[in-house]
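**Q** Structure here, sequence nowhere to be found:
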């Protein structure tokens, strides 16, 4: 960075300590802006995957905090020399791992504003704008997704920003659980059964465990490569029937639009039809895939969403919003509030007691909450639905290009039909004998590619097959980065064939 | 603000949409810095408590998101005209409600860096620096608090940053629960009993409900004004004995250092002695009060902490850190990890499998997590322990001054002995007959003060007594603001006496 000033704002010995002097803030924050813009400008020069070894930082830093202040200058030098080498650069245009975490200038500005106000919107009174803008923005995004009005505040439902999908699943699960226990009694907790496919994110079973669901009743229903790794309604029905016959109470189904492993899409409508027969709460986790549904050509993946109870989508995955931002919509906010409300004396106030307002603390695990809707508001206004759609389409176009490149080389195969911007593929060396050797070759290829620091991919196993995941989506990625990554992968394959 | 540029970075019609052009970022972020510095400079001109009515924003904003991009200029005008009036200004120097949320330039810079990198540190590999700096910083803060090494990574324990106390309580509760159920079996879930005083934050019972604890077994043990609203070890012992006699399994005790209502301090050591006799997990929630314990003269409030299982403290409350930042230390990280770990194929990697690293996703509810330790690291380095101590002392000094002012006016009384920077007091009009009239007078006084917009306080009820809470701590507060607030309160009292 240029150089953050080497005078600390106030030395502890120099009298009044004023850690938020506006002019000092202005000066230092301007310098930080330049540091960040420079980082974004030169981000391609860093290895994507950090090349440090475990415990690399420990020996570089003192074991105790300093007693006396240190100049920001010195701290920023350490950011450059000690922190940046340990970062896996998620914003690098050569990042194709996991699902990339997308960002934008508008979201950054929104985050700065959120931090600036630092309003703690646990209830309406504590910062009315925080609650009300969130209500508006959640309705906006619901409109963009063509969710039915039963999920909107302008209809009969509503939405709230959680930090992660895990929390969205947890709070809806607790709402469903308490609704069921209200009927059957607390003693039936260990009889509740929950359902998801074997492709569902691991956070689902974790949320179930946190909520006290009997681990023996967490069903991970089988999928198949032939079925596109989607959960079959018939499989669901027979699992539910079996549980009923065993005296269990079917509670909750977590469906996914765009699984983490291969972006499989569960048939929401058909599954909800089954679930409805048994009074099972249906959640749609479209953390990644949901964002694509702002484009008409992808919206069909949400068909049947009118039949479900709750939907969560994480704009930090594909809608340019930085972490951590997971949108949750529910049809019956009352069921969340009944399970999660608190009413201590020190938070009582007239608007809350009049029931004329929403208190978002009763829609989430924690009490405190940041003004996170600013980020989404700025993204949606600053770019408009038109640009957001074009951003999704551009990523899909690049993924399609990568898919064609893979198909054009007979040493490689696309292992799962591509639906969004993730391509699952693998290297099948001519001389490989059997799945074990193919897996080893792909593991070596992956390690080699990631070890170069020039691109980063991850892997998965689906249908028993080890495969590489090439996820397009980092905000700065352009066609040339995809082409370079493919060239690198081929170079790795050449090397393996020669070795 | 100056004026954020009225040209959008790229119009959707104009070709490639590039939402993170570094130079465009630089330009717009600089303008945002000026907007924020100006906001901080003129923050005293805004009413502290927002004066808007419920649903004020709804009619001002369109019901659907824009299709075409809007200039940032126009958006920022709306921030000024539509959002700021709806904000309760937590950063105002005249904010004395709840516990203020403290901030600083260093923390803002740390938050900017955290957003900048947007690294998603669910496991070590996903961003080694994120995990390793958090380990360092958690040990640093533990050193500053003189926690025993059994809570440090350099010892046998460790710490992790959660979003809120609610999550810190939830994850430790789940760890304790699963440890107990591992012994007794899942069928004993409804037999587990948990303990806290009637002064404990409402989030405790909420976390218990989320974790599936039988609501009938959540004990809210009585405290008294004579006992300083602290939980008595004898009361705890008899409650535990009673539950044992009824066939229940005592599980978890949540103690508090600095309750939300009146900053009462539970005697941690004596309570832990009782708990140990029954194998009960002891948690210390020192969200607010813990920060003071970086000063030697307050450290005694943590005496006995060596006997407990977990401790949580929220630097966003009193250590200048902005939301949301709750530090949790545990003696046995293994118990957290056993309860919260996941291991899906798509996150598997060599460092994690070698067990040579920490994967923080297994210490929290969610999977994704931000690089939050940057904030605390910058705060501790940039200010040094010396300035942080002087900041705590300055707030306490101002609270002590306010307390003296209250005592100097015979119409007022201090209702609870002041321990930190919160003064609980009430107005006792001469002509008031009985507690009902006193309460009504104080409610009217509170509404009048808050309605002026010149200061903001909140209230509580403890020991059956309605009282006003004057919490010093907003970063920009100086003596003159405390004096002005007191003058305003007296003015309100004068008015009430005349009416």
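**A** All right, it came through fine. If you're wondering where the values come from, they're calculated on a predicted model, not measured in any experiment.
**Q** Tell me how many other residues crowd the residue in chain A that chain B sits nearest to.
**A** Here chain A gets closest to chain B at one residue, residue A:212, 2.0 Å apart by C-beta to the nearest C-beta. Placement of C-beta: from N, CA and C, glycine included. Residues within reach of residue A:212, counting by other C-beta atoms under 10 Å in any protein chain shown, total 26.
**Q** Ramachandran coordinates for it?
**A** Main-chain torsions, residue A:212, degrees, to the nearest 10: phi 80, psi 10.
**Q** That one against residue B:189, yeah?
**A** Yes. Between residue A:212 and residue B:189 there is a contact at 5.9 Å, judged by C-beta atoms under 8 Å.
**Q** can I see the domain layout of chain A?
**A** A:12-82, A:119-369, A:393-498 (automatic domain parsing).
**Q** which of those domains is buried the deepest?
**A** Greatest average neighbour count among these goes to domain A:119-369 (a mean of 22), per mean count of other C-beta atoms under 10 Å in any protein chain shown.
**Q** and that domain, how far apart are its ends?
**A** With C-alpha to C-alpha, to the nearest Å as the measure, domain A:119-369 spans 8 Å from end to end.
**Q** Give me the mean pLDDT for it.
**A** Averaging pLDDT along domain A:119-369 yields 96.
**Q** Would you mind giving the domains of chain A as CSV with distance to residue A:381 added?
**A** CSV is the format used below for those (distance: least, C-beta to C-beta, whole Å):
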stretch, distance to residue A:381
domain A:12-82, 21
domain A:119-369, 9
domain A:393-498, 18
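**Q** out of those domains, nearest to residue B:180?
**A** domain A:119-369 (12.3 Å; C-beta to C-beta).
**Q** Quick one: distance of that closest one to the chain centre.
**A** The chain centroid and the centroid of domain A:119-369 are separated by 14 Å under C-alpha atoms, centre = their mean, to the nearest Å.
**Q** before we move on, what about stretch A:17-31?
**A** 33 Å.
**Q** Figure out the length between the terminal residues of stretch A:94-103.
**A** End-to-end distance (C-alpha to C-alpha), stretch A:94-103: 15 Å.
**Q** so does it get close to chain B?
**A** Yes. Using C-beta under 8 Å from any C-beta of the partner chain, stretch A:94-103 reaches chain B at A:98, A:101, A:103.
**Q** Pick out the lowest-pLDDT one from these.
**A** residue A:101 (88).
**Q** Chain B contacts on the stretch 351-499 of chain A?
**A** So far as C-beta under 8 Å from any C-beta goes, the stretch 351-499 of chain A lies against chain B at A:351, A:354, A:356-357, A:365-370, A:374, A:377-378, A:380-387, A:390-391, A:394, A:458-461, A:469, A:475-476, A:478.
**Q** let's see it at 7 Å
**A** Within the stretch 351-499 of chain A, the residues that sit near chain B (C-beta under 7 Å from any C-beta of the partner chain) are A:351, A:356-357, A:365-368, A:370, A:378, A:380-387, A:390-391, A:394, A:458, A:460-461, A:475-476.
**Q** Now, these that are in helices?
**A** Among these, DSSP state H puts A:351, A:378, A:380-387, A:390-391, A:394 in helices.
**Q** State the pair within those residues that is farthest apart.
**A** Farthest apart among those - using C-beta to C-beta - are A:351 and A:394, which lie 44.1 Å from each other.
**Q** for the stretch 201-350 of chain A, what spans make up the helices?
**A** Remark: helices assigned in the stretch 201-350 of chain A by DSSP state H, counting those that start in this stretch are A:203-210, A:233-245, A:268-277, A:289-292, A:315-318, A:333-340, A:350-353.
**Q** residue ranges for the strands of chain A, please.
**A** Taking DSSP state E, the strands of chain A run over residues A:158-162, A:192-197, A:218-221, A:249-256, A:281-285, A:310-313, A:326-330, A:412-414, A:422-427, A:458-462, A:465-471.
**Q** check whether the fifth one contacts chain B.
**A** No. Contact between strand A:281-285 and chain B, assessed by C-beta under 7 Å from any C-beta, is absent, since the two come no nearer than 12.0 Å.
**Q** now for that strand, which elements pack on it?
**A** helix A:165-184, strand A:249-256, helix A:268-277, strand A:310-313 (3 or more C-beta pairs under 7 Å, 6 or more residues apart in numbering or on different chains; DSSP states H and E).
**Q** Quick check: which of these is nearest to residue A:292?
**A** Of the helices and strands packed on strand A:281-285, the one closest to residue A:292 (C-beta to C-beta) turns out to be strand A:310-313, at 10.2 Å.
**Q** circling back: out of the residues of stretch A:94-103 next to chain B, who's the most crowded?
**A** residue A:103 (27 neighbours).
**Q** and that residue, what does it touch?
**A** A:91, A:320, A:322, A:475, B:20, B:118 (C-beta atoms under 7 Å, 6 or more residues apart in numbering or on different chains).
**Q** As a markdown table, these with distance to residue B:293 would be great.
**A** Formatted as a markdown table, the contacts of residue A:103 follow (distance: C-beta to C-beta, whole Å):
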| residue | distance to residue B:293 |
| --- | --- |
| A:91 | 38 |
| A:320 | 41 |
| A:322 | 34 |
| A:475 | 43 |
| B:20 | 42 |
| B:118 | 33 |
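**Q** For the helices and strands packed on strand A:281-285, give me CSV that also has distance to chain B.
**A** Shown next, in CSV, are those (distance: least, C-beta to the nearest C-beta, whole Å):
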stretch, distance to chain B
helix A:165-184, 4
strand A:249-256, 12
helix A:268-277, 22
strand A:310-313, 12
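**Q** and of these, who's closest to residue B:301?
**A** Sorting these by C-beta to C-beta, the top spot, which is the nearest, belongs to helix A:165-184 at 31.7 Å.
**Q** quick one on the thing from earlier: which members of the residues of stretch A:94-103 next to chain B are positioned in helices?
**A** Going by DSSP H, the helices hold none of the residues of stretch A:94-103 next to chain B.
**Q** Residue A:98 contacts residue A:458, doesn't it?
**A** Yes. Counting by C-beta atoms under 7 Å, residue A:98 does reach residue A:458; the two are 5.5 Å apart.
**Q** how far away is residue A:281 from residue A:183?
**A** From residue A:281 across to residue A:183, the span is 13 Å (C-beta to C-beta, to the nearest Å).
**Q** Distance across stretch A:41-53, terminal residue to terminal residue?
**A** 26 Å.
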